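In: Build me a structure from this.
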Amino acid sequence: MKNFLKVLALGLVLFFMGCGDNTNKKSAANAPEASKEVVYKVGSSADYPPFEYLDEKNQIVGFEIDLLKEITKKTGIKFDVANMNFDGLILALKTGKIDIAISGMSATNERRKSVDFTKPYYFSENLFIRKKGSDVNKDNLKDKKISAQVGTLQEEAAKSITTKSVPAENVAAAIMSLNAGKIDVVLTDSPIGIEYLKQNPDLEEFLRVPDGTEGFAMAFDKGKHTELIKKIDGAIDELKKSGEFDKMLDKYGLKK
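Out: Numbers count the residues shown, from 1 in each chain. So this is what the prediction gives:
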């Protein structure tokens, strides 16, 4: 009888332990999943000062990076910025590698065929740079070697001016070629060109013309982020109304 009671007691213990395990398993199964924070992947070509460039710690900084941070403060939207070649940004959008491209990118009708843009937030011009003392001028450009960054509007503009256009990986490479005497002119966006002129006293600008675009804006794969674009536009509008946007422009010498 004693042995029977021991077996019965042990069985009851195991039974209730099992019930407890099942209850815990059911509770775990029915527990709501932890909410996952959405972080949007941003592609940026960090060779376009003062809009984006690498600092001494190899971190991407600049006006547009500050703009993303301010948008996060206003909306809570999170961004993760990666350094990429400019001419690969739109392809990266189309293949889903990134959600947003921000890199001094001009909103054009041609680009609008494949991507959507925010409202433009900065307006630029095409700026032509030559060596000081050079005979290059607006009247003989068609006979000169003009270099511009691959994938930019300026590359297309250079091709329309001369048959001697020379593509460059980035503006820094074009400036190096100009200093070395390999080309005659660098063609770039005005704020970027001005930044490089500060670092190259032997160079000078000699011509500015309208770039024929709507201005710089953030790009997204077509039709996929309509609500996100509205939120970002709204945040930028708030920054402009509050004066914070102008402060950022001043910080980077971009206020006209």
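
In: is it true that residue 134 touches residue 184?
Out: Yes - using Cβ atoms under 8 Å, residue 134 makes contact with residue 184 at a distance of 7.0 Å. C-beta coordinates here come from the backbone N, C-alpha and C atoms, glycine included.

In: Can you give me the first-to-last residue distance of stretch 175-191?
Out: Stretch 175-191 has an end-to-end distance of 15 Å (Cα to Cα, to the nearest Å).

In: Likewise for stretch 178-185?
Out: Terminal-residue distance, stretch 178-185 (Cα to Cα): 7 Å.

In: Contacts for that stretch, please.
Out: 128-131, 134, 136, 141, 144-147, 166, 174, 177, 186, 200, 202-203 (Cβ atoms under 8 Å, 6 or more residues apart in numbering).

In: From those, list just the buried residues.
Out: Restricting the contacts of stretch 178-185 to buried positions leaves 128-131, 134, 136, 141, 144-147, 166, 174, 177, 186, 200, 203, with burial counted as 16 or more other Cβ atoms under 10 Å.

In: Among those residues, which ones are in helices?
Out: 174, 177 (DSSP state H).

In: Can you tell me the SS state at residue 65?
Out: The local conformation at residue 65, judged by DSSP: H, G, I helix; E, B strand; the rest coil, is helix.

In: which residue packs closest to it, ignoring adjacent ones?
Out: residue 52 (5.7 Å; Cβ to Cβ, 6 or more residues apart in numbering).

In: That neighbour reaches residue 59, doesn't it?
Out: No - Residue 52 is not in contact with residue 59 according to Cβ under 8 Å; the separation is 10.6 Å.

In: More neighbours: which of the two?
Out: Neighbour count, other Cβ atoms under 10 Å: between residue 52 and residue 59, residue 52 has more, with 23 against 12.

In: low-scoring pLDDT stretches of this protein, where are they?
Out: The model of the chain has pLDDT under 70 over residues 1-36.

In: coming back round to it: out of the contacts of stretch 178-185, list just those in strands.
Out: Judged by DSSP state E, the subset of the contacts of stretch 178-185 located in strands is 128-131, 146-147, 166, 186, 203.

In: These: which two are farthest apart?
Out: 166 and 203 (16.2 Å; Cβ to Cβ).

In: from memory residue 157 sits against residue 127, does it?
Out: No - contact criterion Cβ under 8 Å: residue 157 and residue 127 do not qualify, at 10.9 Å.

In: So for the two, which sits in the more crowded spot?
Out: residue 127 (23 against 18).

In: For that one, give me its contacts.
Out: With contact taken as Cβ under 8 Å, 6+ apart, residue 127 is in contact with 187-190, 192-194, 205, 207-208.
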